[in-house]
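Chemist: Sequence below, structure please.
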Amino acid sequence: MSNVLNVVKSRNAKSDFKILVVLAFCFVALSFFAIGFMYAHAPEIGILVKLLAIMGTVNIAMVFYVIKKYNAISNT
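Modeler: Purely as a prediction, here's the structure:
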């Protein structure tokens, strides 16, 4: 019975990882769209630099989180 539970947990973790990758990709695409939209209408460059720094930090953190999840899945 323990083997069955391990297989179910492994499949669940893999499906969660797939959903995480899709959502991360969507978030990154939306953030690039938002930055492009702000760049087109930005009254001053200071706002754009702050926006790039914030969104870049969030995107980098998300990439590290996805890599961490991948390593956890690949070790099982």
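
Chemist: pLDDT of the lengthiest helix in the chain, averaged?
Modeler: Among the segments of the chain that qualify as a helix by DSSP state H, the longest is helix 2-41. Mean per-residue pLDDT for helix 2-41: 83.

Chemist: Show me which positions of it end up buried.
Modeler: Neighbour-count burial for helix 2-41, counted by 16 or more other Cβ atoms under 10 Å, picks out F17, A24, S31, I35. Where you see a C-beta, it was placed from the backbone N, CA and C, and this is true even at glycine.

Chemist: ok, and the closest non-adjacent residue to the third one?
Modeler: In this case it means S31. Nearest residue to S31, sequence neighbours excluded (Cβ to Cβ, 6 or more residues apart in numbering): M55, at 4.7 Å.

Chemist: and P43, what element?
Modeler: Applying DSSP states H and E as the criterion places P43 outside every helix and strand.

Chemist: for A61, same thing?
Modeler: Applying DSSP H and E as the criterion places A61 in helix 45-74.

Chemist: give the contact list for the residue nearest to S31.
Modeler: Residues in contact with M55 (Cβ atoms under 8 Å, 6 or more residues apart in numbering) are S31, A34, I35.

Chemist: and stretch 11-23, C-alpha only, in PDB?
Modeler: Output of stretch 11-23 as PDB, limited to C-alpha atoms (Å, rounded to 0.1, in the frame of the first residue of the first chain):
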ATOM      1  CA  ARG A  11       2.100  12.100  -9.900                       C
ATOM      2  CA  ASN A  12       0.400  14.800  -7.800                       C
ATOM      3  CA  ALA A  13       3.700  16.600  -7.400                       C
ATOM      4  CA  LYS A  14       4.400  16.400 -11.100                       C
ATOM      5  CA  SER A  15       1.000  17.700 -12.100                       C
ATOM      6  CA  ASP A  16       1.400  20.600  -9.600                       C
ATOM      7  CA  PHE A  17       4.800  21.400 -11.100                       C
ATOM      8  CA  LYS A  18       3.200  21.500 -14.600                       C
ATOM      9  CA  ILE A  19       0.600  23.900 -13.400                       C
ATOM     10  CA  LEU A  20       3.200  26.000 -11.700                       C
ATOM     11  CA  VAL A  21       5.300  26.300 -14.900                       C
ATOM     12  CA  VAL A  22       2.200  27.300 -16.900                       C
ATOM     13  CA  LEU A  23       1.200  30.000 -14.400                       C
END
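
Chemist: Thanks again, I'm all set now.
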